[in-house]
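got a structure for you, letters missing:
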């Protein structure tokens with residue numbers, strides 16, 4: 001499992017899995033199941049709740065390091081480089097940790113939004 005998958009799991013994206021459809025006996029005619037809408041994950045509310053409980057003052061809205069710390073993940077440079085590779089960070093940003101961190105923060109929030117997270121536009 002990759003680091004981004006861990007971020008999604010910590011925010012409850014794994015809870016969105018649809019239940020397997022029930023198997024009907026062969027003798028009964030069954031109407032196809034209606035598609036189930038998946039509700040958005042309230043990422044901001046979850047992160048704000050974690051920040052309120054944290055003893056550290058973590059600014060997850062601008063810092064990938066603080067975001068990862070808030071989720072209880074390794075935020076070391078090695079872990080961030082691994083996450084950057086996983087998310088296909090451009091090579092020119094990989095050599096500068098500040099540029100890589102800014103790219104990572106924006107990309108993680110965008111990917112969370114693409115996967116059903118409700119990220120406000122001002123954070124994207």
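Sure, I can see it. Given the structure is predicted, the values throughout are model-derived calculations rather than measurements.

for residue 41, phi and psi?
phi -90, psi 130 (degrees, to the nearest 10).

dump the residue contacts of it.
11, 12, 13, 16, 112, 115, 116, 117, 118 (CB atoms under 8 Å, 6 or more residues apart in numbering). Yep, even glycine has a C-beta here, placed from its N, CA and C like the rest.

Check residue 40 too.
116, 117, 118.

Any stretches of the protein with poor pLDDT?
1, 15-39 (pLDDT under 70).

Spell out the residue ranges of the helices in it.
Taking DSSP state H as the criterion, the chain carries its helices at 3-10, 43-53, 64-70, 77-86, 91-94, 97-114.

ok so, going back, who wins for neighbours among the contacts of residue 40?
residue 117 (21 neighbours; other CB atoms under 10 Å).

dump the residue contacts of that one.
So residue 117 contacts 11, 13, 40, 41, 43, 109 (CB under 8 Å, 6+ apart).

same check, this time on residue 110
119, 124.

For it, give its distance to residue 124.
Distance, residue 110 to residue 124, using CB to CB, to the nearest Å: 6 Å.
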